[in-house]
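In: Generate a structure from the sequence data that follows.
(chains A and B)
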2 protein chains.
Amino acid sequence: MFYIGIDLGGTNTAVGIVDDHGQILAQTTGKTPVGQPVNAYLACMSECIRCVLKTAGLQITEIRSIGIGIPGIVDTARGTVTQCTNLDWYDVPFQRFMEQVFPLPILMDNDANLAALAESCAGASIGCSSSVLITLGTGVGSGIILGGRPWSGAFGQAGELGHSTLVADGIPCRCGRNGCMEQYCSATALVRNARQICGAFPQTIMCQMAGGDLLDLTAKMVIDAAKEGDPYACRVFDRYTHYLALAIDSIINTLDPEIVLIGGGISHAGDFLLNAVRNKIPRHENGSPRPIARIELAKLRNGAGLIGAAMLGRQL
Amino acid sequence: MFYIGIDLGGTNTAVGIVDDHGQILAQTTGKTPVGQPVNAYLACMSECIRCVLKTAGLQITEIRSIGIGIPGIVDTARGTVTQCTNLDWYDVPFQRFMEQVFPLPILMDNDANLAALAESCAGASIGCSSSVLITLGTGVGSGIILGGRPWSGAFGQAGELGHSTLVADGIPCRCGRNGCMEQYCSATALVRNARQICGAFPQTIMCQMAGGDLLDLTAKMVIDAAKEGDPYACRVFDRYTHYLALAIDSIINTLDPEIVLIGGGISHAGDFLLNAVRNKIPRHENGSPRPIARIELAKLRNGAGLIGAAMLGRQL
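Out: Predicted structure coming up:
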């Protein structure tokens, strides 16, 4: 059985054909027609679908379903995009529009949920019926899989872990709250703290790495400096993983999933990150060890959104 | 159809017969034989079941199932009590023991989850397929219902919201962590803060209410003083509901349930509590209102655990 997955991004629309094991057989990319009417989106997707079918040597009749990942809030029950700031879409019944063009089941979900679903079909959480994927980049995204399916919430807004409170009355967040996890666990937060340390301790090798201009300092530089044992970078990284471990521990206390995955740019730090986080999460209670979620790195990079979208059809 | 529910507490074992609507037809209570072998528990439950069947005028053949609420960690898949400190049970396959005595489907779950299930069958969250119940008492308990069923987690440990971090590096908690929600949102936390204020400002009416001995100060007194407009009690209550609102907002951001219920002793504050909490949760994002979880008081008091245990059978 084959499935079409569409990752509708604010810049590009990625379309692919995926098999039952979550492997991509063919894929292509079109420019997302932001600002244009819905018909332009349908035309773009049609063209991409024609292209991938041809590449894979398949007919549309051999496709089980079309799944679409949306970078916003999706009402999966009604098939409506409730809110997608990047596309300037509000209450767009996109599933119905798609059904009028394609004679196939159309499924939609939030892209962060679908990245988590992709990991559970073809990535680091294969075989786990419950998992949480935290994506650490400019912001913090997350997707929740429970009972093998994305948990989108009652109003399509579940998985906004980045805006749960980690430090009550802490650093102001762009969402209007204070002390959101995102302000402590995003790559942005790591770099912000490193810049402060650089200002106070110019002897840190992070300053050299940034070439003198702290605006050029990246999360990768901070992590590389910590790996090399620079005490200032180590301090920043230790503080960062302290907060990340608290956030993951709270997820475990709330949802008790089989596995928690760390993805996004920060996850390139690999075992260095994993070990630091794992060591900071209590695994013992009342003196005896208890089974709790494994903590691992996400495996899928590009293509996760597309694979997850396609895999929505595997649950039909 | 009728169901037997058993609420196995550390002191008493409550047993009842419940109908499809979650109404109790008959109930009785036995003393939990703590410290005695499993056979003593089975004998106690048999005796209670015989009693309630007689009261309700029913035969065991008219019963669909027996559900049991456990004040600890339950492996619902294996039917095992993983850990129950109150009963000193560890890895007890209690479901199998029950099946050897009763010719009925036996179901088990954690008591906090079952209180949430009871609310969704016969209480404040009827008709909601997703809900979270937070119980504010000496500690903070919680139960999560998703897709109409209790979410127990991969290892039976979901819903420990009381030990998710609300204030990173905050007040030490009995669990070994720092800054757990329980340290800010339990009745214990409310009273602790009120006592501190009383020490500094003896003119507060809370001191009179306590009769001079601050150890006699209760959560009810603090709330009553706040209702009467005592500025010191108001300050304590405002701080308390600030933290509670942050915790509920985080639950909404993570799980996006249809409804969040507040139960436990603190919930007797009623609308005074509800209004304070509701006013502190942002309902608008990007300038436009968005649908989010309702926040309400739990309805069921005694009997919730028993009803929830019985209602496990409705899902067979």
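In: A:A226 is in contact with A:C234, correct?
Out: Yes: taking contacts as C-beta atoms under 8 Å, A:C234 lies within contact range of A:A226: 5.0 Å. Quick note: C-beta positions are derived from backbone N, CA and C, even for glycine.
In: who's more crowded, those two?
Out: Counted by other C-beta atoms under 10 Å in any protein chain shown, A:C234 and A:A226 do not tie: A:A226 has more neighbours, with 26 against 17.
In: for A:G137, what are its contacts?
Out: Shown in contact with A:G137 (C-beta atoms under 8 Å, 6 or more residues apart in numbering or on different chains): A:186-187, A:264-266.
In: For A:R64, state which of these is nearest.
Out: Checking the contacts of A:G137 against A:R64 with C-beta to C-beta, the nearest one is A:G264 at 30.1 Å.
In: got the contact list for A:G156?
Out: Shown in contact with A:G156 (C-beta under 8 Å, 6+ apart): A:73-76, A:82, A:110, B:256.
In: Identify, from the residues you listed, the entry nearest to B:G176.
Out: Closest approach between those and B:G176, by C-beta to C-beta: B:D256, at 29.9 Å.
In: got a list of what the closest one touches?
Out: By C-beta under 8 Å, 6+ apart, B:D256 lies in contact with A:152-160, B:130, B:292-293.
In: Can you list the buried residues in stretch A:127-145?
Out: For stretch A:127-145, burial by neighbour count (16 or more other C-beta atoms under 10 Å in any protein chain shown) applies to A:128, A:130-136, A:139-145.
In: First-to-last residue distance for it?
Out: One end of stretch A:127-145 to the other measures 12 Å (C-alpha to C-alpha, to the nearest Å).
In: Can you report the mean pLDDT over the residues of it?
Out: For stretch A:127-145, mean pLDDT rounds to 96.
In: what's the answer for stretch A:29-47, then?
Out: Mean predicted confidence for stretch A:29-47 is 96.
In: How far does that stretch sit from its chain's centre?
Out: 23 Å (C-alpha atoms, centre = their mean, to the nearest Å).
In: got it, and stretch A:5-14?
Out: Computed by C-alpha atoms, centre = their mean, the chain-centroid distance of stretch A:5-14 equals 14 Å.
In: Identify each buried residue in that stretch, please.
Out: Under the neighbour-count criterion of 16+ other C-beta under 10 Å, stretch A:5-14 has A:5-9, A:13-14 buried.
In: For chain A, which segments count as helices?
Out: Per DSSP state H, chain A carries helices over the ranges A:38-56, A:94-101, A:111-122, A:182-185, A:187-200, A:205-209, A:219-227, A:231-255, A:271-279, A:304-311.
In: pLDDT below threshold where in chain A?
Out: For chain A, residues meeting the criterion pLDDT under 70 lie at A:283-289.
In: mind giving me the domain split of it?
Out: Following automatic domain parsing, chain A resolves into domains at A:2-123+A:302-315, A:131-297.
In: Whether the shortest one contacts chain B - can you check?
Out: Yes: judged by C-beta under 8 Å from any C-beta of the partner chain, domain A:2-123+A:302-315 comes into contact with chain B through A:73, A:82-83, A:85.
In: I'd like those laid out as TSV, including neighbour count.
Out: Output for these, formatted as TSV (neighbours: other C-beta atoms under 10 Å in any protein chain shown):
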residue	neighbour count
A:I73	25
A:T82	20
A:Q83	22
A:T85	12
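In: Closest to A:L104 out of the residues you listed?
Out: Nearest to A:L104 out of the residues of domain A:2-123+A:302-315 next to chain B is A:T82 (C-beta to C-beta; 23.1 Å).
In: In this structure the closest one contacts A:P93, no?
Out: No: here A:T82 does not reach A:P93: they are 10.5 Å apart, not a contact under C-beta under 8 Å.
In: out of the domains of chain A, which comes closest to B:G67?
Out: Closest to B:G67 of the domains of chain A is domain A:131-297 (C-beta to C-beta; 20.2 Å).
In: Write out the residues of the stretch 101-250 of chain A neighbouring chain B.
Out: A:128-130, A:144, A:146-147, A:151-161, A:163-168, A:170, A:175-177, A:184, A:242-243, A:246-247, A:249-250.
In: and the two most separated of the buried residues of stretch A:5-14?
Out: Every pair of the buried residues of stretch A:5-14 checked by C-beta to C-beta; the farthest is A:G5 and A:G9, at 12.8 Å.
In: Overlap of the contact sets of the two?
Out: Listed as contacting both A:G5 and A:G9 by C-beta under 8 Å, 6+ apart are A:G305.
In: Around the residue lying closest to A:E182 once chain neighbours are set aside, how many other residues sit close by?
Out: Sequence neighbours aside, A:G162 is the residue nearest to A:E182 in space, at 3.9 Å (criterion: C-beta to C-beta, 6 or more residues apart in numbering or on different chains). When neighbours are counted by other C-beta under 10 Å, A:G162 registers 24.
In: Out of the helices of chain A, which one sits most buried?
Out: Mean neighbour count (mean count of other C-beta atoms under 10 Å in any protein chain shown) peaks for helix A:304-311 among those, with a mean of 31.
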